[in-house]
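[1] sequence and predicted structure, then a few things I'm wondering about:
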Amino acid sequence: MASTLSDAALTVTVTENITLNGSNHGSTKQMTISGINEIQKRIMTCATGGTQIYAGGSSVSYGTFTTSDVKYVRITNLDATNYIILHLEGNSHYAQIRLDAGHIFMLTRTNGTLDNNSAVASFSAEDITRIDAMANTAAVDIEMLIASA
């Protein structure tokens, strides 16, 4: 197949606005991620029992991503009240993160980002190969954007 698709750069801008005691302490940070040629964006419902929302590995198939190609993941909790627990998993390590209603979670890579060792000097840099989302009391809608090479 001769594709006419060419790589593009993804620009991510984070703006913080806050004024304390009459002084502006906000800022805007921007990052550009080059080499993007695949995007998946979807809105889905996460159940209280948990829903797998990301699968990575060494080869791509329907619904999965080549871990080394993933350059950006954004998960937004679209609910007005309920939080979700994000479960990030590798081969032998995992982490769980609470994402409150309306909040955003971002990763700028999934390869070599996960460990459960408390000693920074012995960080094993394991790939994230699975992400699950679990709603706390009722089903929650999330928005997901994944950009890869």
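    Structure's in. What do you need? From a predicted model like this one, the values you see are computed outputs, not experimental measurements. Numbering: from 1, shown residues only.
[2] ok, so what distance separates I146 from S3?
    19 Å (CB to CB, to the nearest Å). All C-beta atoms are positioned from the backbone trio N, CA, C, and that covers glycine.
[3] of the two, give the one with the bigger neighbour count.
    Neighbour tally, I146 and S3, criterion other CB atoms under 10 Å: the higher count belongs to I146, 22 against 6.
[4] name the nearest residue to that one, ignoring sequence neighbours.
    Q40 (4.6 Å; CB to CB, 6 or more residues apart in numbering).
[5] the one you found contacts L145, correct?
    Yes. When contacts are counted by CB atoms under 8 Å, Q40 is listed as touching L145 (7.4 Å).
[6] the two: which has the busier surroundings?
    Counted by other CB under 10 Å, Q40 and L145 do not tie: L145 has more neighbours, with 16 against 13.
[7] low-confidence ranges in this protein?
    Low-confidence segments of the chain, defined by pLDDT under 70, are located at 1, 58-63, 112-124.
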